[in-house]
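1. Kindly generate the corresponding structure for this input.
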Amino acid sequence: MTDLLAGRTALITGAGRGIGAEVAAQLGSLGARVLINDLVADRAVRQAIALVDAGIDASAAPFDVCDYAATVDAVVAVGAIDILVNNAGNAGGDSWTAMVPFVETAPADWEPYIGVNLYGVMHATRAVLPGMIERQWGRIVTIISDASRVGEPLMAAYGAAKAGAAGLTRAVANEVGRYGITANNISLGTMRTPLTEARWASLDDADPRQVRAQLAGYAVRRPGLPDDVAALVAYLVSPAASWMTGQTIPLNGGYSHAL
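-> Next comes the predicted model:
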């Protein structure tokens, strides 16, 4: 553990498991006080206890990012938040995003994706910004998806919501940079997390050709892992990245390129 982020408080949304949990552990290991948000209170509490047992200053902060009033109340109750990682996504469900042609969907199908992937980011960002502006320092990192960057077919609503979150982050970066606040996006390719583990486990047990086909578009032939993301988040919230803002950084094993 180091003291690189000592004295900073980080709120990580959707941190009860997977990517968010790993990000919280990484930031905590750098000295930050970490707040574990999750829609499911038991998950948030379990993860916070695990981090405390590992010597990290961690607390559970269960609330629904889709509920603006609840998000603001949670932020007010916690006090100063220096770092926000907008990680909650994929409609908060327990299965992967449905792969359906857009023409076969209806507005009721879009709402869950827009609610958490766009409005959830807007709610949390709006809640923490006044305090960051007052203290003249802040870091915001929003996790988006290459589905939004490349226009992945069969994932239109999900991709649209993530693209909206990316646009929000860029606009916020331009608005608040003069206050010492940075805001950046990390765009992920295919990940192996608890949410997608059943899919990968089935591939592991199948013909290796199926795994190769799944990753054929990747220069690095493996799915991303939570610690890949945590390492980049740690850099973006560190003093070393104080001049980087408004950027969307692909973290995707070479599935798509920035230029």
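
2. going forward, measure contacts and count neighbours with C-alpha atoms only.
-> Fine.

3. wait, doesn't residue 90 sit right on residue 114?
-> No: contact between residue 90 and residue 114 fails when scored by C-alpha atoms under 8 Å: they sit 9.2 Å apart.

4. Tell me which of those two has more neighbours.
-> When neighbours are counted by other C-alpha atoms under 10 Å, residue 90 and residue 114 differ, and residue 114 comes out ahead with 24 against 21.

5. where along the stretch 1-150 of the chain do the strands fall?
-> Remark: strands assigned in the stretch 1-150 of the chain by DSSP state E, counting those that start in this stretch are 9-12, 33-36, 58-60, 83-86, 138-145.

6. so what does the third one touch, helix or strand wise?
-> It refers to strand 58-60. For strand 58-60, the packing partners by 3 or more C-alpha pairs under 8 Å, 6 or more residues apart in numbering; DSSP states H and E come out as strand 33-36, helix 41-53.

7. rewinding a little: wait, which of the strands of the stretch 1-150 of the chain is closest to residue 156?
-> Nearest to residue 156 among those is strand 138-145 (11.8 Å), distances taken as C-alpha to C-alpha.

8. Please save the CA atoms from the closest one in CSV.
-> Listed next in CSV are the C-alpha coordinates belonging to strand 138-145 (Å, rounded to 0.1, in the frame of the first residue of the first chain):
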residue,chain,number,x,y,z
GLY,A,138,-11.7,16.5,-8.4
ARG,A,139,-11.4,13.4,-10.6
ILE,A,140,-14.2,11.8,-12.5
VAL,A,141,-13.8,8.6,-14.5
THR,A,142,-16.7,7.1,-16.4
ILE,A,143,-16.6,3.5,-17.7
ILE,A,144,-18.2,3.3,-21.1
SER,A,145,-18.1,0.6,-23.8
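
9. In the chain, spot the helix with the most residues.
-> As assigned by DSSP state H, the longest helix anywhere in the chain is helix 156-176.

10. quick one: average pLDDT of the helix or strand following that one?
-> Moving toward the C-terminus from helix 156-176, the next helix or strand (DSSP states H and E) is strand 181-188. Mean pLDDT, strand 181-188: 98.
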